[in-house]
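> Just need the structure, nothing else, for what follows:
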Amino acid sequence: MIALRRAEARGHFDFGWLDTFHTFSFGEYYDPSQMGFRALRVLNEDRVQPGRGFPTHGHRDMEIVSYVLEGALQHRDSLGHGSIIRPGEVQRMSAGTGVTHSEFNASENTLVHFLQIWIVPDRRGDEPGYEQRTVPDADKRGTFRLMAGPPGSGSLVTVQQDARLYSLLLERDQEVVYELRADRHAWVQVARGAVTLDGQPLWQSDGAAVSEQSSLRFIGIEPAEVLVFDLR
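Numbering: from 1, shown residues only. I've put the predicted structure just below:
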């Protein structure tokens, strides 16, 4: 079963400095039918104006993954980390017992466009943590690259949950199949470009919830990047 979540159906706010779309309920957007999918709680698509950003604020007991599509995102946190995240990199911050951080557009003249992903951890009260890793495009072309996953999964960054986040780059007319175990579910998000998912077209920023299905068949309509969340 595939349930589509079209880009235009998401919650949307334009605050001037921030243009943001919420796949699931978040902040001022509330829809009781869209409270997340399995352990995936937040999937926001943000565009931040040059020199602007999110001032210091706190989180607890959440696995937060940031994935930049365009531009550069400057990160600072109470753990002492300071970094700039660019396309081709993935960052994970485990909030655990509590952490504060800020995220700003690192450029004075170009937008930063990124995905903010929250995954509910499998336990509360862990120590906060941070990772940032590079994801070469060559590792994602025509194959699923495991960007985030549980300890021991071989993922680039680790999350404290039985959840796996893959990235796939597809060319036009290229076909790739993802095998999904019977006891698993998937969320599909098109980060850029367009694909068909089992014959159904998905365009940039479209999403889909998948359950009770053994495989996902992707074909590129145009060059695309697809994110697949494999969830219990």
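
> May I have the distance across stretch 82-101, first residue to last?
Its first and final residues considered, stretch 82-101 spans 10 Å by CA to CA, to the nearest Å.

> May I see the buried residues of it?
Neighbour-count burial for stretch 82-101 flags 85, 89, 90, 91, 92, 93, 94, 95, 96, 99, 101 (criterion: 16 or more other CB atoms under 10 Å). Where C-beta positions appear, they are placed from N, C-alpha and C, glycine not excepted.

> try stretch 163-183
In terms of neighbour count (16+ other CB under 10 Å), stretch 163-183 has its buried residues at 163, 164, 165, 166, 167, 168, 169, 170, 174, 176, 178, 180.

> tell me the two of the residues you listed that are most distant?
For these, the maximum inter-member distance is 26.1 Å, found between 163 and 174 (CB to CB).

> What's the end-to-end length of stretch 6-14?
When the termini of stretch 6-14 are compared using CA to CA, they are 18 Å apart.

> What segments of this protein are helices?
Shown for the chain, no helices are assigned by DSSP state H.

> longest single strand anywhere in it?
Among the segments of the chain that qualify as a strand by DSSP state E, the longest is strand 215-231.

> The residue nearest the centre of the chain: what's it in contact with?
Central residue of the chain (CA atoms, centre = their mean): residue 117, 4.4 Å from the mean position. Counting by CB atoms under 8 Å, 6 or more residues apart in numbering, residue 117 makes contact with 40, 42, 43, 44, 64, 65, 66, 67, 165.

> for the last one, what are its contacts?
Which is residue 165. The contact partners of residue 165, taken as CB under 8 Å, 6+ apart, are 65, 117, 146, 147, 148, 149, 155, 159, 227, 228, 229, 230.

> now these: which count as buried?
Neighbour-count burial (16+ other CB under 10 Å) applied to these gives 65, 117, 146, 147, 148, 149, 155, 159, 227, 228, 229, 230.

> Give me the below-cutoff pLDDT ranges for the chain.
Under the criterion pLDDT under 70, no range of the chain is flagged.

> Next, the contact list for the nearest residue to residue 94 once chain neighbours are set aside, please.
Once flanking residues are discounted, residue 94 sits nearest to residue 129: 4.2 Å by CB to CB, 6 or more residues apart in numbering. With contact set as CB under 8 Å, 6+ apart, residue 129 has these partners: 79, 92, 93, 94, 96.

> Could you do residue 89 as well?
In this structure, residue 89 makes contact with 68, 132, 133, 134, 135, judged by CB under 8 Å, 6+ apart.

> Please repeat the previous calculation with a cut-off of 6 Å.
When contacts are counted by CB atoms under 6 Å, 6 or more residues apart in numbering, residue 89 is found next to residue 134.

> Make 789 the first number, not 1, from now on.
In the new count, where the first residue is 789, that last one comes out as residue 877.

> For it, give its distance to residue 894.
When distances are taken as CB to CB, to the nearest Å, residue 877 and residue 894 turn out to be 12 Å apart.

> same question, residue 841
Looking at residue 841 against residue 894, where the rule is CB to CB, the gap reads 9 Å.

> likewise residue 991?
Counting by CB to CB, the gap from residue 991 to residue 894 is 29 Å.

> More neighbours: the two, which one.
Applying other CB atoms under 10 Å to residue 991 and residue 894 shows that residue 894 carries more neighbours, namely 21 against 15.

> Touching, that one and residue 864? I think so.
No. Applying CB atoms under 6 Å as the test, residue 894 and residue 864 come out as separate, 11.0 Å apart.

> Quick check: nearest residue in space to residue 904, chain neighbours excluded?
Leaving aside its chain neighbours, residue 904 sits nearest to residue 832 (4.3 Å; criterion: CB to CB, 6+ apart).
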